[in-house]
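Trainee: Below are the sequence and a predicted model for it; my questions follow.
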Number of protein chains: 6
Amino acid sequence: MRPSGRALNELRTITFERHFTKHAEGSVLVSFGDTRVLCTASVQEGVPPFMRGKGEGWVTAEYGMLPRATNTRNMREAAKGKQSGRTVEIGRLIGRALRNAIDMKALGENTITLDCDVLQADGGTRTAAITGACVALVDALRHLQRNKIITTDPLKHMVAAVSVGLYQGQPVLDLDYAEDANADTDMNVIMTSTGGFVEVQGTAEGEPMTPEQLNSLLSLAAEGIRTLLDQQTQVLRDA
Amino acid sequence: MRPSGRALNELRTITFERHFTKHAEGSVLVSFGDTRVLCTASVQEGVPPFMRGKGEGWVTAEYGMLPRATNTRNMREAAKGKQSGRTVEIGRLIGRALRNAIDMKALGENTITLDCDVLQADGGTRTAAITGACVALVDALRHLQRNKIITTDPLKHMVAAVSVGLYQGQPVLDLDYAEDANADTDMNVIMTSTGGFVEVQGTAEGEPMTPEQLNSLLSLAAEGIRTLLDQQTQVLRDA
Amino acid sequence: MRPSGRALNELRTITFERHFTKHAEGSVLVSFGDTRVLCTASVQEGVPPFMRGKGEGWVTAEYGMLPRATNTRNMREAAKGKQSGRTVEIGRLIGRALRNAIDMKALGENTITLDCDVLQADGGTRTAAITGACVALVDALRHLQRNKIITTDPLKHMVAAVSVGLYQGQPVLDLDYAEDANADTDMNVIMTSTGGFVEVQGTAEGEPMTPEQLNSLLSLAAEGIRTLLDQQTQVLRDA
Amino acid sequence: MRPSGRALNELRTITFERHFTKHAEGSVLVSFGDTRVLCTASVQEGVPPFMRGKGEGWVTAEYGMLPRATNTRNMREAAKGKQSGRTVEIGRLIGRALRNAIDMKALGENTITLDCDVLQADGGTRTAAITGACVALVDALRHLQRNKIITTDPLKHMVAAVSVGLYQGQPVLDLDYAEDANADTDMNVIMTSTGGFVEVQGTAEGEPMTPEQLNSLLSLAAEGIRTLLDQQTQVLRDA
Amino acid sequence: MRPSGRALNELRTITFERHFTKHAEGSVLVSFGDTRVLCTASVQEGVPPFMRGKGEGWVTAEYGMLPRATNTRNMREAAKGKQSGRTVEIGRLIGRALRNAIDMKALGENTITLDCDVLQADGGTRTAAITGACVALVDALRHLQRNKIITTDPLKHMVAAVSVGLYQGQPVLDLDYAEDANADTDMNVIMTSTGGFVEVQGTAEGEPMTPEQLNSLLSLAAEGIRTLLDQQTQVLRDA
Amino acid sequence: MRPSGRALNELRTITFERHFTKHAEGSVLVSFGDTRVLCTASVQEGVPPFMRGKGEGWVTAEYGMLPRATNTRNMREAAKGKQSGRTVEIGRLIGRALRNAIDMKALGENTITLDCDVLQADGGTRTAAITGACVALVDALRHLQRNKIITTDPLKHMVAAVSVGLYQGQPVLDLDYAEDANADTDMNVIMTSTGGFVEVQGTAEGEPMTPEQLNSLLSLAAEGIRTLLDQQTQVLRDA
């Protein structure tokens, strides 16, 4: 029934390519099927003004999309001189999600910036970005520990994210663009490796959701995220 | 236990002052306790370029906050030359919520813009804005019908919104600023008068939510929204 | 002869609602007939860089108009990313007028920002803003004295403002929108409670003014401002 | 008593250099002493959208100052990406003043843009700009007539402007920078060759003005402007 | 002598990965050693306003760099709201170079936009971008021919580019970052497959160049570009 | 053959008017025929943040064009809120050229900003700007020495610039607008009084250049620049 022929609770092929670029302390090309996002984690000494003097660190994120990552070319935001509301909103979402994973005291007065740039889009770019950025973040934390800049591991738990939605009346996992464009309801769910919800954002574009639908979507997301968390663990096993 | 002494499932005093200003087709000053938002609905003939020629209408929203609506003065966004990410995000949220209430075919090629400007902030400005804007929207629709610009009522259902959160481990309804600033989890829920969820946005700032907590927050929100929908109906009874 | 039926030298109904919002040190909703402007005075410790180290204070102002304060909706300046020339010009005018009222030495190194936001416009928004902002300013000065931040009263004199113009060849006081849109000449006059002129801005849109017309407009303004100064005094009598 | 040794009612040396640049339909370098402003009048077929279809023309103006026109270098507004409030305000003032001189019906659907760029500043740049721009405007009107684009002369009357102020308690004419920086009151007056006032803008920076002071300043300005109008006439005598 | 151990006239390893992303009509990941640039060619029907009605096409380019493409993170230009002078300058250079390769009549009223986004920078990003963009451009032209949108091949000749410079007094080919940062003179040369120069941009940062040095740099560039043109031909052999 | 009747290797009439404005430490109105550029050199104590603490100075430049410097009016960049790519590019070019002339150690921690504003354009504005700015720079250096702010002369050599191009197949020197608009190839060359090349920027708009054409253009430029350097020396002879 799904355009891709996937089962209702089936993720797309997920891959993580660590060390995709050489300069960043963490650099991961994450793919959720044809959605490919380059996630880099950049470490910088010091914290922004509003955080200074607390002995705590900071984690922030920015999101972008190459002009031709999508089917038709979008005007370049740098050329327009303005990020769209959608872009800013997703950057803020990624930042909140990743901050949830970190013990800021253990990070010390260091800032980690996660840049998530979509090279190719096919639905679910924000959930791919969060899932990939968490791997890049771990690489950056290892860099800090290897270089004795910090002495304890600031990672409290991993976070991963997936989208779920109602497509032709059925709850489906990890929507691609063909599904996303036609779904009645789209929900992005972010969870931790400890099984808790960090963020739930569900929107009914058409028919409002019943409480039952909302619950079945949340369960489906939880199941998908467990798989994603496993794959993150796998790919981080290699030094 | 709550700073305001309210019961866990108790809303603040809710008031709607219709026709607060004279020029707009709908104009409502909504108060959720000390949070006061002026919501105007402006009707304009025609629709934005991307909607032209479909015989359908459009509903959009913008959000703003007066510089001294809060405890310390915020720089004026018009003077900075840029809306904050938060401002844009809330405007988009209000727009999505209100579009859900409208049958765009019945609206015809007309645009309704909802401006929600916070005169005084004490937590929950976005949920007050949505709840008040829906009343202003109905007044604007009545104006269109009264002036024979449209012949059928485009309203599919009312929408209302409330925030819920975990404060000192307890689920509480309609958080004021004192609670909001200290809550572990904050969730904004938008529902229709037909009992469906239009939008659910929950964020765990601290501890991730368990599925049980998530469920109890959703139930608490649903209960509060039923009351808000009743009050909207009351206030709209007067011509 | 006037659209409103007022006498040539008759002001509209003037009201001041002090403490209209709760956060600002001064907060006044001023009405000149249907023109309603929310004026808040915000106190901040310290002064801008160009004033530092002189032991003197600073008073500044910003002006804004809600998108639907007028008959047709104006695009939100924060969304456009730019304040109009008119907006900036009026903000500068209000700031100059109120600075004239204050002994900066007595204010010490504190800044008071006056935000004048038009909720509903019907002509004369800038003169209403100045007249209301002066009341809000006094409330802010009382706050500073009550809290022992300053020891002497920095107020040198009150200021108030009114518009006058030539409407159908006749000098009229306090023009509303229906008059303003059709007046040949429009003049805004700001005076002190000591009877001096702080600012005179007259523009002939059509026929240039004769010296006699200019003089009769100035007299008419002086008369109206005396009444406004009386009303400010009245409303400030309550603690 | 004046830093320049001038009499109280003495203008600086005024010169107009017509055809200063070759491309513009009118191009005048005006000097009020050391204040030098290049005023160009550019003719363009058609009018802005809000004027279309009325068979009338439009006159508008922009003001600028080269970064090192003043004693210390100012940041270039094009590089800052924003015109200052002062810049926009002066451009609007020049535009209003020159529109007053023109019969828009006679101009037909043509736009004349006056660009006033200060090459060297020494006080009174806006009054020099208006006085010079009026000469450039006449040259542009002659161009339109010579090329048979219009058949009647749209000029209703000349306009000229001067500043007056209270310097050390005395009314003085045409303030230079040394006086302007120390004057209590500064007033810019724009008049027509028919003896009417187009615009009066007076500001008391220090002591408020008495009605008598205001009157003596207006008289002094009227006297100076008569001389300026004579000089404009002189310089326009040459073809 | 070179940090990389290369011979003076030795290029870095050059690779082209065609069809790197799936949406664009042409999409090439070009590598000049560690410099990696994603070049996409996007076809759009129609031309910009200034080209309309001539029956000719248009080719334009934009350049960008991911925030962490370099050794230290650069602020995202979209977030700053402004492209740097360098970014705009390189985009204009790429556009001019590629327009030189195209017969605009044969292209018809179609626009091709080349987006060159640097994923990883190690010197020579603009020359890599031009060389890769030309391959992407050919793929886009093939797409247009395959889809019968155009009937003749608009490609007049291939273009390729390389940097040369004086490093420790010696002319070297294809500078990497370590050389670029220390070179006295840096020159970017763009040539056609017909052996002509399209653009020559040489800058002496330190000592000015002698005419002899200039000549030897031009010869060295010509030699390197011949190799690049061969490699472009190779990689385009595959359908 | 040239529209102006000049010989192929003939410069336009070149003039320098030193001390054109009074505030700047250096102020030169340079004319290359009808192209007239006002170049001011402004001295400021201190250097930008990235240069601090090295005991070295800084030289930078900005370029602008008055709206009606050209045949048709261009929109004012300050009003658009954005400098064009061309404007920024030329400012950067002027800055690089002039920095090449200066021993930054001898300048000490002082900044010299060169503002080049085109009053009238007729081709070759950037080369006129560089040639004139170098004269203004020398005047600013003399000011610094006269005022004992620096003790040695930081000038290493003069720089001057000229454009050359292929017009109707012939190499021509110092193109005016009529030639520039029709030239196949346009090259800007900057050289020092010591005979070295500082910058070479050649672009083939139409046919690519052969190596022979490139060489003959470079020789022609070198010949023209020698004359310009002589004229700079002449004009600087006067105190």
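Mentor: Yep, it's here. Treat the numbers as computed from the prediction; the structure is a model and nothing was measured.
Trainee: Could you list the residues of chain A in contact with chain B?
Mentor: A:85-86, A:88-89, A:91-92, A:96, A:100, A:187, A:191-192, A:194-205, A:207-211, A:214-215, A:218, A:222 (CB under 8 Å from any CB of the partner chain). For every residue, glycine as well, the C-beta is placed using N, CA and C.
Trainee: Now list the buried members of those residues.
Mentor: A:85, A:88-89, A:91-92, A:96, A:100, A:187, A:191-192, A:196-204, A:207-209, A:214-215, A:218, A:222 (16 or more other CB atoms under 10 Å in any protein chain shown).
Trainee: out of the residues you listed, which are inside strands?
Mentor: Among those, the members found in strands (DSSP state E) are A:187, A:191-192, A:197-204.
Trainee: Most widely separated two among these?
Mentor: A:192 and A:204 (25.9 Å; CB to CB).
Trainee: Okay, residue A:160 and residue A:26: tell me how far apart.
Mentor: 16 Å (CB to CB, to the nearest Å).
Trainee: just residue A:37 next, same as before
Mentor: Distance from residue A:37 to residue A:26, by CB to CB: 13 Å.
Trainee: Repeat that for residue A:169.
Mentor: Counting by CB to CB - residue A:169 and residue A:26 are separated by 40 Å.
Trainee: Looking at these two, which one has more neighbours?
Mentor: residue A:26 (27 against 8; other CB atoms under 10 Å in any protein chain shown).
Trainee: Would you confirm that the more buried one contacts residue A:138?
Mentor: Yes: using CB atoms under 8 Å, residue A:26 is in contact with residue A:138, at 7.1 Å.
Trainee: Phi and psi next, for the residue nearest in space to the middle of chain A.
Mentor: What sits nearest the mean C-alpha location of chain A, by CA atoms, centre = their mean, is residue A:130, with 1.1 Å. Per-residue torsions, residue A:130: phi -60, psi -40 (degrees, to the nearest 10).
Trainee: ok, now residue A:4?
Mentor: phi -80, psi -10.
Trainee: Would you agree it is in contact with residue A:175?
Mentor: No: the pair residue A:4 / residue A:175 is not scored as a contact, 9.8 Å apart, by CB under 8 Å.
Trainee: So for the two, which sits in the more crowded spot?
Mentor: Per other CB under 10 Å, whichever of residue A:4 and residue A:175 has more neighbours is residue A:175, with 28 against 16.
Trainee: nearest spatial neighbour of residue A:30, skipping sequence neighbours?
Mentor: Once flanking residues are discounted, residue A:30 sits nearest to residue A:132: 2.8 Å by CB to CB, 6 or more residues apart in numbering or on different chains.
Trainee: mind listing the strands for chain A?
Mentor: Going by DSSP E, chain A shows strands at A:14-18, A:26-32, A:35-45, A:58-65, A:110-120, A:159-167, A:170-173, A:185-192, A:197-204.
Trainee: Let me know which of those strands is tucked in deepest.
Mentor: The highest average neighbour count among the strands of chain A, using mean count of other CB atoms under 10 Å in any protein chain shown, belongs to strand A:159-167 at a mean of 27.
Trainee: if we can go back for a sec, just checking, the residue nearest to the centre of chain A touches residue A:160?
Mentor: Yes: Residue A:130 is in contact with residue A:160 according to CB under 8 Å; the separation is 7.0 Å.
Trainee: Name the residues contacting each of these two.
Mentor: Listed as contacting both residue A:130 and residue A:160 by CB atoms under 8 Å, 6 or more residues apart in numbering or on different chains are residue A:190.
Trainee: Tell me where the longest helix sits in chain A.
Mentor: helix A:211-237 (DSSP state H).
Trainee: helices or strands up against that one?
Mentor: Counting contacts by 3 or more CB pairs under 8 Å, 6 or more residues apart in numbering or on different chains; DSSP states H and E, helix A:211-237 packs against strand A:14-18, helix A:125-146, strand A:159-167, strand A:170-173, strand A:185-192, strand A:197-204, strand B:197-204, helix B:211-236.
Trainee: Please identify which of these is closest to residue B:120.
Mentor: helix B:211-236 (19.1 Å).
Trainee: tilt between the closest one and helix A:211-237?
Mentor: 140 degrees (axes from the mean of the first three to the mean of the last three CA atoms, to 10 degrees).
Trainee: any idea of the mean pLDDT for helix B:211-236?
Mentor: Throughout helix B:211-236, pLDDT has a mean value of 97.
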